[in-house]
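Engineer: fold the following and give me the result.
(chains A and B)
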Amino acid sequence: MSEKTFLEAIREGLREEMARERAVYILGEDVAVGGPFGATKGLADEFGTNRVVNTPISEGTVVGLATGAALLGFRPVVEIMFIDFITLAMDQLVNHAAKLHYMSGGQLGVPLTIRAQEGAVGSCGAHHSQSLESWFLHVPGLKVVMPSNPADAKGLLKAAIRDENPVLYVEHRGLYWSRGDVPEGDHVVPIGRAAVRRSGKDVTVVALSKMVSVALEAAEELAAQGVSVEVLDPRSLCPLDLDTIVTSVRKTSRLLVVHEAVETGGVGAELVAQVQAAAFDYLDSPILRLAAPFTPVPANPMLEKQFVPAKEDVVNAVRRVMGLAQS
Amino acid sequence: MGEGERTEFLSLLQTMWVIRAFEEKVSELYSRGQVAGLLHLGIGQEGVAVGVCSLLRRDDYIFGGHRAHAHVIAKGADLGRLMAELAGRSTGYCRGKGGSMHVVAMDVGFVTATGVVGGNIPLALGAAFVCKERGKGQVAAVVFGDGAGQVGAFHESLNIASLWKLPVIFVCENNGYAEFTPLSAHTLVSRLADHARTYGIPNTTVDGNDVLAVREAVRSGVERARSGEGPTFIECLTYRLRGHYEGDPAKYRELSEISEWKAKDPIARLANALKEKGILSEKEISEAEPRARKLVDEAVQFALAAPWPDAGDLTSQVFVGG
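Structural biologist: As a prediction, this is how the structure comes out:
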């Protein structure tokens, strides 16, 4: 175990998988020189530019090319520099990568990993800040994972690369320089298992990606107010570990879902629907969501701050679920 | 001319007849409701598929578009399994789950068709990327229509294939119409091969109804690809004798235009050429059609006798391993 940043954990996961499996290739804009955040720094020196491949700014064709290579047994990892640009690759990802196993009656498989970076951080504006994971949850055939800490960043990435299906691996830019303990060696986190980040008995908070740390801070403050919060990190949105969430809700009888993506049509809506169907009789209050408002992400730093749910918002939302006055 | 070469010519003629007979039969089954869905036939365009595939090895790859039955057959796929796929039966190549526009026949290297115009081109680049890395001289070919020439993925793909010297052969089946609209109403670029010139890709425009001309162009493209020299672009001028899809009355085309192209039927042209040159006997030529129709009848029997998918097939194979 050693302390690493989220970015270092990604790089370690990539390096280990490239060393382990010759069929792993990295493709993306500027990846051979490390990319703007350094996730792939040094890998081209180690593995060569035929395996760490700089591509033109052609996201759609690059994702299609990687899909085509995956059909023949390669295990490509494509970096989408900002998830906003994945819009350009929707045909290849949604119509081809996700469906070819099914449409071919099982003749084809697509062991493809897409790393996409998102999050409203640093006033980057509406084209470099969106959280778009819910779109992909709606596509049969795609797996979607969202690591919230360096250990999972490494472990889920290794699992994604080894998976026989296309996996969208969503990284939050605001986590890149956060630090945490990362197990040494072959640390693989199975896709489809949620993690209980804090145990509690009064209310369950399911938080995604960077919101996990925000929820944990809020839980600390709520503990001082006499509210015991259980914080869950789904880690994987598809497949979803509904059992762990429902087990927690049956214990606490209350649920709040927190994510940074806009509320309307977000992952929270799906979670609410599934949990109420599985645990309706256990609920003591309506399930609430806390998410960004239904607006594009503003570039203005003051407005961006208001856009993203903060610790105080989580505290107040939990108190609403509990039927307590706002703090 | 050696016996090997004679056999090869006979095989070109035979395969074109099989494709023609297959598609005519599919049309018949469609009108009887035994094949459902959207059906795009390439009757009249057989010269391109046969010309291209006759020069590919079994371990080469090919990708088709929405009008791809011909390429699946020309690459050597099993007629019964293909017919069963179109008829939605569980013995089909894709267990009846893909249908006409999503045929996959990996046993012969037909990697996939696509229902999205131009969507197959980046996929073929991926196969070419793999071929290049493997270093065994394999190539990938991708077939698309003139409509794909106005798709973004087409241009991105030409650029990357050229930049990375990928062993891919771009085959444009220019049949003059993107759905109901002539090419001239979609672009001022009258020769789509000109796009390849922009990206520095060797290119040619050939008579797509002359299978021998198609073969000559493909031969040099395949040689270039196998020897690591990169992509080639071949524009084949051809014509679909039926509508965009079965049920399209194609009133946007003049009858005179259709008869003009009927006179250039690729099968009759090859047959006449082989007869005139004395390469094949009249008997050999005349036997090709009935032999093809018999093979297709057997495929239909196999297909229609097969069971439908069972209820579990609806939700199986969404994910590998689940």
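
Engineer: which parts of the stretch 51-200 of chain B sit against chain A?
Structural biologist: Within the stretch 51-200 of chain B, the positions near chain A by Cβ under 8 Å from any Cβ of the partner chain are B:61, B:63, B:92-98, B:102, B:104-106, B:111-112, B:114-116, B:119, B:121-127, B:129-130, B:133, B:152-153, B:156-157, B:159-160, B:163. In short, each C-beta sits where N, CA and C put it, glycine included.

Engineer: if any of those residues are buried, put those into a ChimeraX selection.
Structural biologist: Applying 16 or more other Cβ atoms under 10 Å in any protein chain shown to those leaves a buried subset, and the ChimeraX line that selects it is:
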select /B:61,63,92,93,94,95,96,97,98,102,104,105,106,111,112,114,115,116,119,121,122,123,124,125,126,127,129,130,133,153,156,157,159,160
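
Engineer: now do the same for residue B:269: helix, strand or coil?
Structural biologist: helix (DSSP: H, G, I helix; E, B strand; the rest coil).

Engineer: mind listing what it touches?
Structural biologist: The contact partners of residue B:269, by Cβ atoms under 8 Å, 6 or more residues apart in numbering or on different chains, come to B:47, B:209-211.

Engineer: out of the residues you listed, which sit inside helices?
Structural biologist: Assignment to helices by DSSP state H places the following of the contacts of residue B:269 there: B:47, B:211.

Engineer: and the two most separated of the contacts of residue B:269?
Structural biologist: Between all members of the contacts of residue B:269, the longest pairwise span (Cβ to Cβ) is found for B:209 and B:211 and amounts to 7.9 Å.

Engineer: please enumerate the shared neighbours of those two.
Structural biologist: Once Cβ under 8 Å, 6+ apart is applied, the residues that residue B:209 and residue B:211 both contact turn out to be B:47, B:266, B:269.

Engineer: so where's the chain uncertain?
Structural biologist: By default, I'm working from chain A. In the prediction, chain A carries no residues with pLDDT under 70.

Engineer: switch to chain B, please.
Structural biologist: For chain B, applying pLDDT under 70 flags no range at all.

Engineer: next, the buried residues of stretch A:251-264.
Structural biologist: For stretch A:251-264, using 16+ other Cβ under 10 Å, the buried residues are A:252-263.

Engineer: what of stretch A:287-298?
Structural biologist: A:287-292, A:297-298.

Engineer: with just CA atoms, put stretch A:174-183 into PDB.
Structural biologist: Extracted as PDB, the C-alpha positions of stretch A:174-183 are listed here (Å, rounded to 0.1, in the frame of the first residue of the first chain):
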ATOM      1  CA  GLY A 174     -11.600  17.400  -9.500                       C
ATOM      2  CA  LEU A 175     -10.300  14.100  -8.200                       C
ATOM      3  CA  TYR A 176      -7.100  13.900 -10.300                       C
ATOM      4  CA  TRP A 177      -4.800  15.400  -7.600                       C
ATOM      5  CA  SER A 178      -6.500  13.900  -4.600                       C
ATOM      6  CA  ARG A 179      -4.400  11.400  -2.700                       C
ATOM      7  CA  GLY A 180      -5.200   8.000  -1.200                       C
ATOM      8  CA  ASP A 181      -3.700   4.600  -0.400                       C
ATOM      9  CA  VAL A 182      -3.400   2.300  -3.400                       C
ATOM     10  CA  PRO A 183      -2.700  -1.400  -3.000                       C
END
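
Engineer: quick one, strands of the stretch 1-150 of chain A?
Structural biologist: A:2-5, A:24-28, A:52-54, A:75-80, A:113-118, A:143-145 (DSSP state E, counting those that start in this stretch).

Engineer: got CSV for those, with mean neighbour count and distance to chain B too?
Structural biologist: Putting these into CSV (neighbours: other Cβ atoms under 10 Å in any protein chain shown; distance: least, Cβ to the nearest Cβ, whole Å) gives the following:
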stretch, mean neighbour count, distance to chain B
strand A:2-5, 14, 31
strand A:24-28, 23, 8
strand A:52-54, 20, 8
strand A:75-80, 26, 8
strand A:113-118, 26, 14
strand A:143-145, 25, 7
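
Engineer: what residues does the stretch 51-200 of chain A put near chain B?
Structural biologist: Taking Cβ under 8 Å from any Cβ, the part of the stretch 51-200 of chain A that reaches chain B is made up of A:55-56, A:58, A:60-74, A:91-92, A:95-96, A:100-109, A:140-141, A:143, A:164-165.

Engineer: which among those count as buried?
Structural biologist: Applying a neighbour-count criterion of 16+ other Cβ under 10 Å, the buried members of these are A:55, A:58, A:60-72, A:74, A:91-92, A:95-96, A:100-105, A:107-109, A:141, A:143, A:164-165.

Engineer: show me the strands in the stretch 201-327 of chain A, by range?
Structural biologist: Assigned strands in the stretch 201-327 of chain A, in chain order: A:203-207, A:229-233, A:236-238, A:255-262, A:288-292 (criterion: DSSP E, counting those that start in this stretch).

Engineer: just put those in TSV and tack on distance to chain B.
Structural biologist: As requested, the strands of the stretch 201-327 of chain A are arranged in TSV below (distance: least, Cβ to the nearest Cβ, whole Å):
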stretch	distance to chain B
strand A:203-207	23
strand A:229-233	22
strand A:236-238	9
strand A:255-262	24
strand A:288-292	27
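
Engineer: wait, which of the ones you listed is closest to residue A:46?
Structural biologist: Of all these, strand A:236-238 sits nearest to residue A:46, with 29.2 Å by Cβ to Cβ.

Engineer: list the strands paired with the closest one, with their directions.
Structural biologist: Strand A:236-238 sits in its sheet next to strand A:143-145 (antiparallel), going by DSSP bridges.

Engineer: what helix or strand is the residue nearest to the spatial centre of chain B located in?
Structural biologist: For chain B, residue B:71 is the residue whose C-alpha lies nearest the centre (Cα atoms, centre = their mean; 3.1 Å). Using DSSP states H and E, the element containing residue B:71 is helix B:69-74.

Engineer: same check, this time on residue B:15
Structural biologist: Applying DSSP H and E as the criterion places residue B:15 in helix B:3-31.

Engineer: tell me which strands and helices that helix is in contact with?
Structural biologist: Packing contacts for helix B:3-31, counted by 3 or more Cβ pairs under 8 Å, 6 or more residues apart in numbering or on different chains; DSSP states H and E, involve helix B:46-53, helix B:69-74, helix B:79-86, helix B:266-276, helix B:282-305.

Engineer: what is the burial count for the nearest residue in space to residue A:267 that is not next to it in sequence?
Structural biologist: Leaving out its chain neighbours, the residue that sits closest to residue A:267 by Cβ to Cβ, 6 or more residues apart in numbering or on different chains is residue A:134, at 4.9 Å. The number of residues packed around residue A:134, counting by other Cβ atoms under 10 Å in any protein chain shown, is 21.

Engineer: next: residue B:292.
Structural biologist: Per other Cβ under 10 Å, the neighbour tally for residue B:292 reads 23.

Engineer: the one 3 residues further on too?
Structural biologist: Taking other Cβ under 10 Å as the neighbour definition, residue B:295 ends up with a count of 17.

Engineer: which residues touch the residue of the stretch 201-322 of chain B found nearest chain A?
Structural biologist: Ranking the residues of the stretch 201-322 of chain B by distance to chain A (Cβ to the nearest Cβ) places residue B:320 first, at 3.8 Å. Going by Cβ under 8 Å, 6+ apart, residue B:320 touches A:101, A:106, A:109, A:164-165.

Engineer: go again with 6 Å.
Structural biologist: Residues touching residue B:320, when contacts are defined by Cβ atoms under 6 Å, 6 or more residues apart in numbering or on different chains, comprise A:101, A:109, A:164-165.

Engineer: from these, which is closest to residue B:147?
Structural biologist: Set against residue B:147, the nearest of the contacts of residue B:320 by Cβ to Cβ is residue A:101 (27.3 Å).

Engineer: distance of residue A:7 from residue A:153?
Structural biologist: Here the distance between residue A:7 and residue A:153 works out to 8 Å (Cβ to Cβ, to the nearest Å).

Engineer: before we move on, back to that, contacting residues around the helix holding residue B:71?
Structural biologist: Judged by Cβ under 6 Å, 6+ apart, the contacts made with helix B:69-74 from elsewhere in the structure are B:15, B:19, B:23, B:42, B:46, B:49-50, B:53, B:62, B:64, B:82, B:103, B:105, B:110, B:143.
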